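K.L.:
Predicted model, plus sequence, below.
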Amino acid sequence: MSPLGLGNDSVPHFGQNILTAQSMLYLAFWLEPASKFYSLASIKDSKGSQRWMRWGRDEDAKALRSTMWLWYDWRAAAVADDTGAILDVEQWDGFYDQKNLVARLECIAAQGLTPEARTLSERFPDAKVRVHGELDLPDADWPLPDAEAQAVVDEAALAMARHGVAQAAGDPDRRLEHLMRASDELRSTFITMEARLVEWVGLFLPEARFGKDRSSLGRTVGDAESLEHLSKTLEVELPSVGPSKAEWKALKEWGASVAVFRGQLDRMENGIRTLAEDHLPSLSALLGPLLAARLCVEAHGRMRLARLPAGTVQVLGAEKAFFNHLKTGAPPPKHGHIFMHPWISRSPRWVRGKIARTIAARASIAAKVDAFEGEPWGEEEMRALEDKVEAIKAAHPRPPSRR
């Protein structure tokens, strides 16, 4: 009896395939001479009755297959269909070896496949691969670890956490962030204290002129024995009314504190320079170590900075102005922290945007060179960029006319 003529047979016989949720068996028949391969299968429709379907090659047969899901965790992998029926399972029994277990957990954290998952993915190439815990997995009796295996993996996770904390101390990105944030906080305090010292000394010595260089003022006040000594050092006349002994002592200690903060700030910036030149050699050569470190911190790491487009690098640090542009339609910012570079800040205002774009584009490439450990840049790249900047200035010697 030919299976092609069957409609609602209830008893399977030779030539008939029963397609169920747990198994899909295909029976091949050569129905046309060597040019077409056909397969037959009996399937159940929505009313529960069986009927025969015939399809052509494998791509036509995919229509009859239900979606398969490849689930895996650190210990096992399994394949199931949409109904949750398990089709195949692979398990690993070497979880007592903590070193291998940690390696598996790190592999999963990096979105890699375990050997069991790879094996099943080769058997079921059309299965959708999902790690344990993903929301779109169907409900199934997945081979979860027992209590003993879970205790072992908990110990391995704690070992990974301890190792990660120890490794964090050696992360140059985090070290740069702490140095830069501490430097910003210290600089804010130092500027406030120095401004207070200038006003305080000017109250008693109004003829004193400090100019732009106040770096030695704190040490000068801290080393002075009296207001008379300070007036001679600053080469000004001693006023008729001076501070009391207690007031002078407070002023003297304040000046000494300003000198201490100044020294701490200098040492901290030297630490930033040293670390930035080692961690960001190309970017430091291009922008200077302090500006390179600031861009790295603002981007939250060297690798993320390398992935940012040049336009984003250009406006790093100008987030408030940028969102104000999006909200109110104000002019967009032309530059952020990169404005600290002297080629931008000391250039005419009408070419600053063009120079900022040029430097940001080169800085983006330099960050990629550093992130992927390429050959550090040197004088040749610096001269090429300087020539481009000079060409921009030469092409725009005067501001554009405003219509």
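P.N.:
Received it, and whenever you're ready, just let me know what you need.
K.L.:
pLDDT below threshold where in the stretch 1-150 of the chain?
P.N.:
Applying pLDDT under 70 to the stretch 1-150 of the chain flags the ranges 1-65, 95.
K.L.:
Strands along that one, start to end?
P.N.:
Ranges of strands in the stretch 1-150 of the chain, per DSSP state E, counting those that start in this stretch, are 27-32, 36-44, 50-55, 68-72, 76-81, 86-91, 128-131.
K.L.:
Could you check the last one and say which residues are buried?
P.N.:
In terms of neighbour count (16 or more other Cβ atoms under 10 Å), strand 128-131 has its buried residues at 129-131. Using the backbone N, CA and C atoms, a C-beta is placed for each residue, glycine as well.
K.L.:
Kindly export it (C-alpha atoms) in CSV.
P.N.:
Extracted in CSV, the C-alpha atoms of strand 128-131 (Å, rounded to 0.1, in the frame of the first residue of the first chain):
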residue,chain,number,x,y,z
LYS,A,128,19.1,29.0,19.2
VAL,A,129,21.9,29.2,21.7
ARG,A,130,21.0,30.6,25.1
VAL,A,131,22.9,30.6,28.4
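K.L.:
Which strands or helices does that strand pack on?
P.N.:
Using 3 or more Cβ pairs under 8 Å, 6 or more residues apart in numbering; DSSP states H and E, the elements in contact with strand 128-131 are strand 68-72.
K.L.:
Would you map out the domains in this structure?
P.N.:
According to automatic domain parsing, the chain is divided into the following domains: 3-64, 68-142+152-168, 172-272, 281-395.
K.L.:
need the ones you listed in JSON lines with distance to Arg402, can you?
P.N.:
Formatted as JSON lines, those follow (distance: least, Cβ to Cβ, whole Å):
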{"stretch": "domain 3-64", "distance to Arg402": "65"}
{"stretch": "domain 68-142+152-168", "distance to Arg402": "53"}
{"stretch": "domain 172-272", "distance to Arg402": "34"}
{"stretch": "domain 281-395", "distance to Arg402": "11"}
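K.L.:
most packed of the ones you listed?
P.N.:
domain 281-395 (a mean of 17; mean count of other Cβ atoms under 10 Å).
K.L.:
so how far is it off the chain centroid?
P.N.:
18 Å (Cα atoms, centre = their mean, to the nearest Å).
K.L.:
now do stretch 126-141
P.N.:
Distance of stretch 126-141 from the chain centroid (Cα atoms, centre = their mean) equals 28 Å.
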